[in-house]
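1. Fold the stuff below for me.
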Amino acid sequence: MNNALADLGLASWKPLLTALALPPVPLLALLLVAAALLWVRRASGWLLFALATAGLWLTACAGFGEALEAALLDRQSALQEAQVQVFQQSARARRDVAIVVLGAGREARAPEYAAANLARESLERLRYGAWLARRTGAPLAFSGGVGWAQRGGPSEAEVALRIAREELGRPLSWAEGESRDTRENAARTIALLREAGIAELVVVTHGWHMPRALRAFRAAAGGRVRLVPAPMGLAPRVENPVLRWLPTSEGHAQVRHVLRETLGLLFGQ
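-> Alright, predicted model coming up:
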């Protein structure tokens, strides 16, 4: 699917097509169909109305998002302390080990900073990558350009360079700023780091994004670089057991993340 869109010159349409495929758009369309049926087939109309309403409720619940993630995505576990220590020993003993953080968007201009800023997910990933780099001594890379849904401005990598140096105190060793999606993240990062002699790479991204990211990196690496998944953002966004099954902005975002990643895995994005 990704290659087909690229061949047709429609790769920039991916954000629009994804937005149309994810909740709430399909469920709102179902509500319109239900409203039309109420005039001619009341039973069918009310059934579709009930299904669409239930779908709108569930797709905004954190509990439903977690259930979907468990069912649809191969969730990786967080790095344990023993694994971090082993990686620390490898980084100290060898020069071919590195950490890469995958970008997740940026704000072209944040008024409060009077400068570009990373989106929340990108900042969370960069913070964890910097923490791992500090703990292990491994060099840190960041991959992210100007995504398909973005228009102009500095790349994510440029913004990450500044934030890592000035705010996190962990300068980047490499910054890849040309990629526009996960497949390009993988292809361009592997090419850059293999040229630098890197043979073992720790991949940092959100847990819901890790299955698709790992698939892309494995395809790009072709078995020539050892990949270690370091997922983050695994803690539940909504802890209250009642709120977990009530619509919240966090629940809605989680469901959309999981469904978008599932579509990406299905259609080769």
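
2. list the contacts for L214?
-> L214 makes contacts with 76, 203, 227, 229, as judged by Cβ atoms under 8 Å, 6 or more residues apart in numbering. Where C-beta positions appear, they are placed from N, C-alpha and C, glycine not excepted.

3. make that G251, sorry
-> Counted by Cβ under 8 Å, 6+ apart, G251 has contacts 60-65, 237-238, 244.

4. And the contacts of L214, which is closest to L118?
-> Nearest to L118 among those: V203, at 17.8 Å, using Cβ to Cβ.

5. pretty sure that closest one is in a strand, no?
-> Yes - V203: assigned to a strand according to DSSP: H, G, I helix; E, B strand; the rest coil.

6. I'd like to know how far it sits from R109.
-> 29 Å (Cβ to Cβ, to the nearest Å).

7. Looking at those two, which is more packed in?
-> Shown here are V203 and R109; by other Cβ atoms under 10 Å, V203 has more neighbours (25 against 12).

8. What's the separation between that one and N185?
-> Applying Cβ to Cβ to V203 and N185 gives a distance of 9 Å.

9. shared neighbours of these two, anything?
-> 102, 213.

10. circling back: closest to R125 among the contacts of L214?
-> The closest of the contacts of L214, once distances to R125 are taken by Cβ to Cβ, is V203, at 10.2 Å.

11. is it true that the closest one touches A230?
-> Yes - V203 lies in contact with A230 (Cβ atoms under 8 Å); the separation is 6.3 Å.

12. Isn't A98 up against A199?
-> No - under the criterion of Cβ under 8 Å, A98 makes no contact with A199, lying 9.3 Å away.

13. Show me which of these two is the more surrounded one.
-> Per other Cβ under 10 Å, whichever of A98 and A199 has more neighbours is A98, with 23 against 15.

14. Please identify the helix or strand for the more buried one.
-> Assessed by DSSP states H and E, A98 sits inside strand 97-102.

15. Please report how far A175 lies from G145.
-> Distance from A175 to G145, counting by Cβ to Cβ: 10 Å.

16. intersection of neighbour lists for these two?
-> With Cβ under 8 Å, 6+ apart as the test, A175 and G145 both reach A157.

17. Parallel or antiparallel, list what pairs with the strand holding A98.
-> Within its sheet, strand 97-102 is paired with strand 140-143 (parallel), strand 200-206 (parallel), according to DSSP bridges.

18. Identify, out of those strands, the most deeply packed stretch.
-> Each of these was assessed for mean neighbour count using mean count of other Cβ atoms under 10 Å. The highest is strand 140-143, with a mean of 29.

19. one step back: of all the contacts of G251, which comes closest to L28?
-> Checking the contacts of G251 against L28 with Cβ to Cβ, the nearest one is A60 at 12.9 Å.

20. isn't the closest one right up against H252?
-> Yes - using Cβ under 8 Å, A60 makes contact with H252 at a distance of 4.2 Å.

21. So which of those two has more stuff around it?
-> A count of neighbours by other Cβ under 10 Å puts A60 above the other of A60 and H252, at 22 against 19.

22. Need the nearest residue in space to the more buried one, chain neighbours excluded.
-> Among residues not flanking A60 along the chain, P247 sits closest, at 3.5 Å (Cβ to Cβ, 6 or more residues apart in numbering).

23. That neighbour: neighbouring residues, count only.
-> P247 has 16 nearby residues by other Cβ under 10 Å.

24. So it: helix, strand or coil?
-> Per three-state DSSP, P247 ends up coil.
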